[in-house]
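> one predicted model, sequence on top.
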Amino acid sequence: MALSLAVFLSCNGIACANAGAQQAPSQPWHNIDFVTHSSTFYDAFRDQANTEPGLAADVYRALFSQMGFVPTIRLDVISRINSLDFDSESACSVLMLKSPAREAAFTFSLPVDFLLSHRLYQTNETPAVPAEVLNDKGELLSLSALFSQRENHQLIVLKGRSYGSVLDAQIRQLPDAAKYTRWGSNQYDADIRMLARGHGNYILAYPYDIHREAANFAGVSFKSTPIANNTAIRTGHIMCTKTPLTLAFLEEVNTHLRKLYHQQVYIDAHLKHTPPDSHQALHEGVAYLRSL
């Protein structure tokens, strides 16, 4: 059953973009059904005392504070969120990747948050990726190339999750025996836990999530391999059904995002949750967003 919460924004942990913003009672956005697939994000919003809620929660707090809007967000599984088939005609989900199928059915905001893209992660218990399936940049040629050499290994994937169009296409090409398919609502740390406990051999994860979670697994070492032809930056969006109400909502969201991209609170939210060796790439990502 989906869980409900009233999301009360807090300036704890970030310098809010507009700490004095007051909620406008006349705003129609409360008639939108807001959902998320991430229990980590959900918990961060529920816990107002949490001063380190994470990158996405920091950014959404800043955005909604600037809008003067306090949304109500539910937690649901990604398989239901993919269709946005709820009782309300107007529905929106946060933290969504674009894909051709989703873009055909729904409408999206500008990027709200961004991360360095997925890499292939494994623990030191799994043999290193064979050199013959790497290009001269040390990137994995493809998932199919890897599993042609590792036929008894499995990639942990979440049912219904999109990893972006490039990786989604590669996953579809894998035989079922190469995939350990799980169900659930948590896209991120659940995969890392399963990998650490030996329920599969590989996951596709963001460096940000590994950086955040690795300390929770004493004695486990993670190593990663970049994937050829995968985009360098992954952007997360608000995805909505196409109704006059949601279109108006996203128009206002985009107006505030264009302002937020230029504010230090937005840059700081990304930098403080990312290893220093990735900061240059993140600055380049911010520069790209400011050009939109």
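Good, I have the coordinates. Numbering: from 1, shown residues only.

> show me where the stretch 51-200 of the chain has strands.
Along the stretch 51-200 of the chain, the stretches classed as strands by DSSP state E, counting those that start in this stretch are 72-75, 91-96, 107-108, 113-116, 119-123, 155-158, 179-182.

> contact partners of the last one?
Counting by CB atoms under 8 Å, 6 or more residues apart in numbering, strand 179-182 makes contact with Q154, L155, I156, V157, L158, K159, I171, A190, D191, M194, H199, G200, all of which sit outside it. (C-beta placed from N, C-alpha, C; glycine too.)

> that one pairs with which strands, parallel or anti?
strand 155-158 (parallel) (DSSP bridges).

> do the same with the fifth one
Strand 119-123 pairs in its sheet with strand 202-205 (antiparallel), strand 222-225 (antiparallel), by DSSP bridges.

> make CSV out of the ones you listed and add distance to E103 and mean pLDDT.
As requested, these are exported to CSV (distance: least, CB to CB, whole Å; pLDDT from 0 to 100):
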stretch, distance to E103, mean pLDDT
strand 202-205, 21, 96
strand 222-225, 29, 94
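
> most packed of the ones you listed?
When neighbours are counted by mean count of other CB atoms under 10 Å, the highest per-stretch mean among these falls to strand 202-205, a mean of 25.

> phi, psi for E151 please.
Dihedral angles of E151 (phi, psi; degrees, to the nearest 10) stand at phi -70, psi -20.

> ditto for F69
When read as degrees, to the nearest 10, the backbone of F69 gives phi -130, psi 130.

> how many other residues sit next to it?
The burial metric for F69, expressed as a neighbour count using other CB atoms under 10 Å, is 20.

> what sits against the residue positioned nearest the centre of the chain?
Nearest to the mean C-alpha position of the chain, counting by CA atoms, centre = their mean, stands L95 at 5.0 Å. Taking CB under 8 Å, 6+ apart, we find L95 in contact with T36, H37, S38, F41, A56, V112, D113, G236.

> same thing with K137?
P226, A228.

> so it versus P226, what's the distance?
The span separating K137 from P226 equals 8 Å under the rule CB to CB, to the nearest Å.

> also S162?
19 Å.

> give me the nearest residue to E89, chain neighbours excluded.
With sequence-adjacent residues excluded and distances taken as CB to CB, 6 or more residues apart in numbering, E89 is closest to T243, at 5.7 Å.

> just checking, the one you found touches C92?
No - applying CB atoms under 8 Å, one finds T243 not in contact with C92, separated by 10.1 Å.

> who has more neighbours, those two?
Neighbours around T243 and C92, counted as other CB under 10 Å, are more numerous at C92. The numbers are 28 against 16.

> buried stuff in the longest helix anywhere in the chain?
Secondary structure of the chain per DSSP state H: the longest helix is helix 244-260. Of the residues in helix 244-260, those buried under the neighbour-count criterion (16 or more other CB atoms under 10 Å) are L245, T246, F249, L250, V253, H256, L257, L260.

> now for that helix, which elements pack on it?
Contacts defined by 3 or more CB pairs under 8 Å, 6 or more residues apart in numbering; DSSP states H and E place helix 244-260 against helix 55-67, strand 91-96, strand 107-108, strand 233-240.

> one more pass at 7 Å, please.
Using 3 or more CB pairs under 7 Å, 6 or more residues apart in numbering; DSSP states H and E as the contact criterion, the neighbours of helix 244-260 among helices and strands are helix 55-67, strand 107-108, strand 233-240.
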